[in-house]
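Chemist: next one to model:
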Amino acid sequence: MKPLRVFRDLFGDQVELSHARWKHVCETHPEPVGLIEKLGESLRRPDLVKLSKSDAGDVLDISIGKPAKAVSNEIADDFFERLDPRTKKIVGFSILNFQKKARKKNGELQVPIVASFSL
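Modeler: Okay, the predicted model is just below:
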């Protein structure tokens with residue numbers, strides 16, 4: 001069945017909203033009725049992204065510039081560089097098990113990168 005709407009999220013990934021899911025949302029949460037366009041805007045430009053305690057993953061993603069699709073290469077235990085598949089330039093980093101690692105080191109976590117920043 002064709003989806004009711006197809007949106008793109010902040011990473012450029014496709015998000016499909018089915019007729020059945022939108023009906024469920026409108027029946028159980030009347031606040032978004034009439035705000036379907038705001039849903040697409042929120043997916044593209046969220047004000048906040050939070051880690052849920054129920055999330056199976058514990059990943060910190062760091063983007064350099066606008067978030068984009070990338071290929072990940074593990075460069076240390078649970079530490080990945082994210083490369084643009086076309087240019088091979090680094091576009092970000094991902095750290096798996098981030099909360100667990102940070103807790104073990106009293107909130108400090110050494111990462112295997114050297115960087116310089118300028119404005």
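
Chemist: contacts for stretch 64-76, please.
Modeler: 10-13, 61, 80-85, 90-92, 94, 111-112 (Cβ atoms under 8 Å, 6 or more residues apart in numbering). For the C-beta atoms, the positions are set from N, CA and C on the backbone; glycine is no exception.

Chemist: and the pLDDT at the spatially most distant residue from the centre of the chain?
Modeler: Most distant from the centre of the chain: residue 27, at 28.1 Å, with distances by Cα atoms, centre = their mean. According to the prediction, residue 27 has pLDDT 83.

Chemist: that one in helix, strand or coil?
Modeler: helix (DSSP: H, G, I helix; E, B strand; the rest coil).

Chemist: state the distance from it to residue 5.
Modeler: Per Cβ to Cβ, to the nearest Å, residue 27 is found 17 Å from residue 5.

Chemist: that older thread, derive a ChimeraX selection command for the buried subset of the contacts of stretch 64-76.
Modeler: Buried residues within those, by 16 or more other Cβ atoms under 10 Å, are selected in ChimeraX with:
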select :61,80,81,82,83,84,91,92,94
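
Chemist: filter the contacts of stretch 64-76 down to the ones in strands?
Modeler: Taking DSSP state E, the ones among these that sit in strands are 61, 80, 81, 82, 83, 90, 91, 92, 94.

Chemist: just the closest of these to residue 32, please.
Modeler: Of all those, residue 32 sits closest to residue 61, with 27.0 Å by Cβ to Cβ.

Chemist: domain ranges for this protein, per the record?
Modeler: Domain assignment for the chain by automatic domain parsing gives 5-44, 59-104.

Chemist: just those domains: most buried one?
Modeler: domain 59-104 (a mean of 14; mean count of other Cβ atoms under 10 Å).

Chemist: show the average pLDDT along it.
Modeler: 82.

Chemist: now it: how far from the chain's centre is it?
Modeler: Here domain 59-104 is found 11 Å from its chain centre; the criterion is Cα atoms, centre = their mean, to the nearest Å.

Chemist: one more: stretch 3-15?
Modeler: 13 Å.

Chemist: can you give me the first-to-last residue distance of that stretch?
Modeler: Stretch 3-15 has its terminal residues 10 Å apart, counting by Cα to Cα, to the nearest Å.
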